[in-house]
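Undergrad: next come a sequence and a model predicted from it.
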Amino acid sequence: MAIVKNPLELLNHAKDNGYAIGAFNVNNMEISQAIMAAHAAKKAPVVLQLSSGARKYANTIMLVDIIKSLVKQYPEVPVIIHQDHGADLETCISAIDAGFNSVMIDASHYDFEENIRITKEVVDYAHARGVIVEAELGQLGGIEEHVSVDEKDAHLTNPDEAEEFVKRTGCDSLACAIGTSHGAYKFSSDGKVDIELVKTLTKILPNTPLVMHGSSSVPQEYVKMCNEYGGDLGGARGVLEETIADAAQYGISKVNIDTDLRLVMTAVIRKVFIESPKEFDPRKYMGPARAEIQKMVEHKIDVLGSANRI
């Protein structure tokens with residue numbers, strides 16, 4: 001199976017069978033190892049996402065080679081390599097040239113017509129090379145690397161525009177704004193999202209997999225651990241996991257998770273440093289962090305319903 005030749009087929013299978021594929025952002029070896037080990041253990045397909053920031057930090061070739069190495073180790077796991085939040089055609093071209101089989105063009109901050117123009121430009125280039133394209137309509141609030149949207153500027157996906165957008169751009173999947181936001185401080189209240197909007201979009205776009213961004217749940221046990229060992233994450237709150245599970249039942253086929261990975265790694269490393277202040281071997285703090293990330297990702301797979309799908 002390995003790196004799938006037809007990633008859209010994988011997303012459609014999720015859509016048609018009431019589950020979602022976890023799309024986890026990778027930044028280094030340990031995070032990549034944990035994600036792949038979790039999906040092998042749970043027999044689940046996975047999307048490994050590389051943001052522009054991650055590619056700059058670790059080098060695109062390095063990250064892709066790590067993924068290819070893990071694919072050899074876990075050949076039974078279907079893998080999509082995805083460019084997360086590509087800002088322009090050039091970013092998407094560089095990802096395609098590096099071997100990605102899926103790219104996202106995020107032109108959602110432009111007006112409707114410009115969003116269509118830029119998205120179609122990427123679609124035409126990618127489809128000619130057998131690569132699928134995710135686009136975004138509507139805007140999530142919050143902060144994720146270069147993506148920063150004030151709450152007042154965030155707006156949900158307009159169902160009246162969605163059908164026209166997909167038809168005119170030819171995009172393969174649609175990232176929809178349904179009330180989530182990027183980062184660790186998503187909500188001041190209960191963390192619910194607009195499931196009725198998901199149902200409406202699925203009805204309007206029955207053949208288009210929908211994508212849920214900003215979907216970390218920010219587990220409070222890790223927030224507590226981080227704060228107990230010197231962190232300052234007061235008020236960090238994410239999406240309720242039952243809401244994520246509901247969304248997967250009603251047409252969300254891909255769920256993006258990044259903040260939770262960072263949170264777990266930071267909490268565990270802080271704990272090791274405080275409890276073992278003489279420790280300076282990176283393997284002694286990165287190893288426990290990797291193990292805890294795998295545990296958390298296995299739990300996410302259960303939430304998404306993607307276990308035992310391969």
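TA: That came in fine, so what should we check first? Numbering: from 1, shown residues only.
Undergrad: ok, which stretches of the stretch 101-250 of the chain are strands?
TA: 102-105, 132-137, 141-144, 147-149, 173-176, 181-182, 210-212 (DSSP state E, counting those that start in this stretch).
Undergrad: how far out from the middle of the chain is the longest one?
TA: If I follow you right, that is strand 132-137. 13 Å (Cα atoms, centre = their mean, to the nearest Å).
Undergrad: who are the packing partners of that strand?
TA: Strand 132-137 sits against helix 7-16, strand 102-105, helix 112-127, helix 159-169, strand 173-176, with contacts defined as 3 or more Cβ pairs under 8 Å, 6 or more residues apart in numbering; DSSP states H and E. For glycine as for every other residue, the C-beta is placed from the backbone atoms N, C-alpha and C.
Undergrad: one more pass at 6 Å, please.
TA: Packed against strand 132-137, as judged by 3 or more Cβ pairs under 6 Å, 6 or more residues apart in numbering; DSSP states H and E, are the following elements: strand 102-105, helix 112-127, helix 159-169, strand 173-176.
Undergrad: pick the most buried one from those.
TA: strand 102-105 (a mean of 28; mean count of other Cβ atoms under 10 Å).
Undergrad: what mean pLDDT does that one have?
TA: The average pLDDT within strand 102-105 is 98.
Undergrad: among the helices and strands packed on strand 132-137, which is nearest residue 294?
TA: strand 102-105 (23.5 Å; Cβ to Cβ).
Undergrad: can you list the buried residues in the host helix or strand of residue 262?
TA: Using DSSP states H and E, residue 262 falls within helix 259-275. Residues of helix 259-275 classed as buried: 259-272 (neighbour count, 16 or more other Cβ atoms under 10 Å).
Undergrad: helix or strand next in line after it, which one?
TA: Per DSSP H and E, helix 259-275 leads on to helix 282-304 as the next helix or strand towards the C-terminus.
Undergrad: list the helices and strands that next one packs on?
TA: So helix 282-304, by 3+ Cβ pairs under 6 Å, 6+ apart, packs with helix 29-42, helix 241-249, helix 259-275.
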